[in-house]
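Visitor: got a predicted model here, sequence first, then my questions.
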Amino acid sequence: MPQDPTERRVVVTGPPRRTRRTSGYYRPRTEIDEQTTLGHTYVRSLMRIQLRTGLVVFAVLALLIGPLPLVFAAAPDARRLEWAVLGFGLYPPLVLLARWYVRRAERNERDFVRLVEDR
Amino acid sequence: MNSAYAVTAVALVALATVLVGAFGLRISRTTSDFYVASRTVGPRLNAAAISGEYLSAASFLGIAGLVLVQGPDMLWYPVGYTAGYLVLLLFVAAPLRRSGAYTLPDFAEARLASHVVRRLAGALVVGVGWLYLLPQLQGAGLTLTVLTGSPDWLGAVIVAVVVTVIVAAGGMRSITFVQAFQYWLKLTALLVPALFLVLAWQSDGAPSHAFDEPAAFREQRVVTIDDSLHLRLDRPLTVTVDGTVDGRAYDGAEVGLPAGTHRIDGGTRLTFAEGAEVPAAGRGGDDALSPSRAESREERPLYATYGLILATFFGTMGLPHVVVRFYTSPHGVAARRTTVAVLGLIGAFYLLPPVYGALGRLYAPELTLTGDADAAVLLLPGRMIGGVGGDLLGALVAGGAFAAFLSTASGLTMAVAGVLTQDVLPSRGVRHFRLGTVLAMAVPLGASVLVGGLPVADAVGLAFAVSASSFCPLLVLGIWWRRLTPPGAAAGMLVGGGSAFLAVAATMAGYPGAGPWHALLAWPALWSVPLGFLTMILVSLATPGRVPPGTAAVLARFHLPEELRTEVSA
């Protein structure tokens, strides 16, 4: 999926735009509001990019957390490490991941709004 | 410990809760106010409220107790509780808010247009809610017993009455204020004593052997065993016994116990020498709860750890009191930002219980034997600091613990009462909501007084496992997958949630006592979550004709930013 909104607009809004700014309605919005096939394609594209953003962050989380029990099991003497990592070390990355995701998700939505409102 | 201070603190917390609730009552007028605070709660207030609601007895007392008994592996609990919010944020938060439903059954109906799925989700919400309420009430009973020696049921009754009054009177609006207030109260109640405890630990020469296994006694210590238990010794132990061990009565004699399992009768006093290792204890064989989770962990530690991680990561999003909170955000973007703030707030809180757990291993290791490990947080200030200062700090902690019971219990009661009012009782008026509140609290209160004895951590773990294998698939697939059908959702919730529930229930009843089967049943999330997802997907694919006709429009509503909406939906 192309990130660049202008490129995407060329692909999906094939039909010529007849309704120029007449009543605050723009073509892609109308398609979405009237639930045409084309409108569904718009929604689908938004869903796909949001899901992908979520999955990417989730994958980072899984890579961060997943191996830890194995590490602790493999090194039973590293008790102090376990205390430090589980007691304090994991919380900052969790918050940073969350902030990163929110920034990405909000940007996706802004791009989408710009796309369908034809700005 | 001087109980007068503690009783005063608990009474003050209860009073302050009612007063803050009354403040909310003055501005709670309509039905919408009742259920979702009219959707006008900003991210900051809402985040504090969500955190206040989420940090339950299990967080406030349970984690420190578990760490004390079983070591740093148990720190996966707070990590999982926090990361659960991240998973919730990634896949659920904004679309859930945009779905515009009041409760989880509302969500199910809005997405799938099916009454059967709605009923099923409602039943699961009530079930999970009651399961989670039970340990809150029991924790309250334990706290009051430890502090004042009052009977077990008293704390539970106090919490039940205060919560019912607040929820029935003010609904969600007053609850929001109450819980935001209680988050800060709980943080203070753990943070201030923790600072003093760490100072005391420093002036004690900062001993650090608590971080190494196993815990050991720092000085000669007399331990009185209240209930019969089984001691498991990895190596021989010499101990002075005044009572009955392995069926033989001793009278202050020094006894050398060989490695293996020994039965200690109730009322026995054991005197441990300085430097002796603290042995591991299981409950007595005649107790119904015999194979405790601690033992199954020993057999399958890795499996158990991953089971725990999976249950908490995916279970958080389905907890009824957590989900209902997202409907109170004004819009989807606010719901996301709220979740980030929540992560910060609960992450900050969870830095503290490990401190208590580690200090407990140093200064109160005998709690592992008496089975009151959950009381470690309450006892440490008196144990380490003593005097009036210790009493005052102990009272502060006791007040915080009660805030924990009150806030989580009120959130759960709110969620359960919402479902009961909408789906079970005849009409949706505010009066019926009040009736629903009484019902929502009466059942777990009755169960906790009658049944008793369900270990706090087990009940909480069960609630998480059931929620992770039923609501998590429903929410994630409902939000992201357009081919989900009502039969698929119903089957997935039944198979996933039902099997998780049966598995843990079977373990608690003592069915297959040991071995790999036991570990599989005691930590079901690892197989029951994939099972729930798989059933939901396969049954949905097998019934393609049953995809609800409005699916595309519903999904558009879930995902489109609010500014693109043409009509505001209910």
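Guide: That came through fine.
Visitor: which helix runs longest in chain A?
Guide: Longest helix in chain A by number of residues (criterion: DSSP state H): helix A:37-65.
Visitor: what's the first helix or strand after that one?
Guide: helix A:68-74 (DSSP states H and E).
Visitor: list the helices and strands that following helix packs on?
Guide: helix B:301-315 (3 or more C-beta pairs under 8 Å, 6 or more residues apart in numbering or on different chains; DSSP states H and E). Heads up, the C-betas are built off the backbone N, CA and C, glycines and all.
Visitor: the same query, at a cut-off of 10 Å, please.
Guide: helix A:79-84, helix B:76-91, helix B:301-315 (3 or more C-beta pairs under 10 Å, 6 or more residues apart in numbering or on different chains; DSSP states H and E).
Visitor: which residue is most remote from the mean position of chain B?
Guide: Centroid-distance maximum for chain B: residue B:253 at 42.7 Å, with C-alpha atoms, centre = their mean.
Visitor: am I right that it falls within a strand?
Guide: Yes: residue state for residue B:253 (DSSP: H, G, I helix; E, B strand; the rest coil) corresponds to a strand.
Visitor: surely it and residue B:240 touch.
Guide: Yes: counting by C-beta atoms under 10 Å, residue B:240 is a contact partner of residue B:253 at 7.1 Å.
Visitor: thinking again about what came up before, separation between the residue farthest from the centre of chain B and chain A?
Guide: When distance is defined by C-beta to the nearest C-beta, to the nearest Å, residue B:253 is 36 Å away from chain A.
Visitor: so who does that residue touch?
Guide: Applying C-beta atoms under 10 Å, 6 or more residues apart in numbering or on different chains to residue B:253 gives the contacts B:239-242.
Visitor: hmm, try it at 7 Å
Guide: Shown in contact with residue B:253 (C-beta atoms under 7 Å, 6 or more residues apart in numbering or on different chains): residue B:241.
Visitor: so which residues make contact with stretch A:75-94?
Guide: A:64, A:68, A:72, B:72, B:75-76, B:79, B:82-83, B:86, B:211-213, B:343, B:347, B:350-351, B:354.
Visitor: ok, stretch B:526-536 next?
Guide: Here stretch B:526-536 has contacts from B:303, B:306-307, B:310, B:314, B:465, B:468-470, B:472-473, B:477, B:488-489, B:491-492, B:495-497, B:499-500, B:503, B:520, using C-beta under 7 Å, 6+ apart.
Visitor: can you flag which of those residues belong to strands?
Guide: Among the contacts of stretch B:526-536, DSSP state E puts none in strands.
Visitor: of these, grab the buried ones for ChimeraX.
Guide: Selecting only the buried entries of those in ChimeraX, with 16 or more other C-beta atoms under 10 Å in any protein chain shown as the criterion:
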select /B:303,306,307,310,314,465,468,469,470,472,473,477,488,489,491,492,495,496,497,499,500,503,520
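Visitor: count the neighbours of residue B:480 for me.
Guide: Neighbours of residue B:480 under the rule other C-beta atoms under 10 Å in any protein chain shown: 20.
Visitor: and the gap between residue B:251 and residue B:225?
Guide: 16 Å (C-beta to C-beta, to the nearest Å).
Visitor: returning to what we had before: from the contacts of stretch B:526-536, list the ones also adjacent to chain A.
Guide: Subset of the contacts of stretch B:526-536 in contact with chain A: residue B:306, counting by C-beta under 7 Å from any C-beta of the partner chain.
Visitor: which residues of the stretch 1-150 of chain B lie near chain A?
Guide: B:72, B:75-76, B:79, B:82-83, B:86-87, B:89-91.
Visitor: so among the residues you listed, where is pLDDT lowest?
Guide: When the residues of the stretch 1-150 of chain B next to chain A are sorted by pLDDT, the bottom entry is residue B:72 at 83.
Visitor: out of the contacts of stretch B:526-536, which sit inside helices?
Guide: Counting by DSSP H, these contribute B:303, B:306-307, B:310, B:314, B:465, B:468-470, B:472-473, B:477, B:488-489, B:491-492, B:495-497, B:499-500, B:503, B:520 to helices.
Visitor: residue ranges with poor pLDDT in chain A?
Guide: A:1-35, A:118-119 (pLDDT under 70).
Visitor: can you give me the helices for the stretch 51-200 of chain B?
Guide: For the stretch 51-200 of chain B, the helices defined by DSSP state H, counting those that start in this stretch cover B:57, B:63-70, B:76-91, B:93-98, B:104-112, B:115-148, B:152-203.
Visitor: got the angle between the longest one and helix B:63-70?
Guide: Counting by axes from the mean of the first three to the mean of the last three C-alpha atoms, to 10 degrees, helix B:152-203 points 70 degrees away from the direction of helix B:63-70.
Visitor: anything in helix B:152-203 near chain A?
Guide: No: Helix B:152-203 stays out of contact with chain A when judged by C-beta under 7 Å from any C-beta, the minimum separation being 12.6 Å.
Visitor: helices and strands around whatever helix or strand comes next after that helix, which ones?
Guide: Once the chain leaves helix B:152-203, the next helix or strand it forms, by DSSP H and E, is strand B:221-224. Strand B:221-224 sits against strand B:269-272, with contacts defined as 3 or more C-beta pairs under 7 Å, 6 or more residues apart in numbering or on different chains; DSSP states H and E.
Visitor: and the contacts of the strand it packs on?
Guide: B:217, B:220-225, B:239-243.
Visitor: mind doing that once more with 8 Å?
Guide: Outside strand B:269-272, the residues within contact range by C-beta atoms under 8 Å, 6 or more residues apart in numbering or on different chains are B:217, B:220-225, B:239-243, B:264, B:278, B:366, B:369.
Visitor: and for stretch B:468-477?
Guide: Contact with stretch B:468-477 is made by B:91-92, B:96, B:104, B:107-108, B:121, B:124, B:128, B:310-315, B:317-318, B:323, B:484, B:489, B:492-494, B:496-500, B:524-525, B:528-529, B:531-533, B:536-537, B:540, as judged by C-beta under 8 Å, 6+ apart.
Visitor: generate a PyMOL selection restricted to the buried entries among those residues.
Guide: A single PyMOL command selects the buried members of those (16+ other C-beta under 10 Å):
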select buried, chain B and resi 91+92+96+104+107+108+121+124+128+310+311+312+313+314+315+317+318+323+484+489+492+493+494+496+497+498+499+500+524+525+528+529+531+532+533+536+537+540
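Visitor: quickly note the distance from the residue nearest to residue B:95 when sequence neighbours are not counted to residue B:252.
Guide: For residue B:95, ignoring the flanking residues on the chain, the nearest one in space by C-beta to C-beta, 6 or more residues apart in numbering or on different chains is residue B:558 at 4.0 Å. Residue B:558 sits 70 Å away from residue B:252, going by C-beta to C-beta.
Visitor: what of residue B:413?
Guide: Taking C-beta to C-beta as the measure, residue B:413 falls 51 Å from residue B:252.
Visitor: show me which of the two is the more surrounded one.
Guide: residue B:413 (28 against 10).
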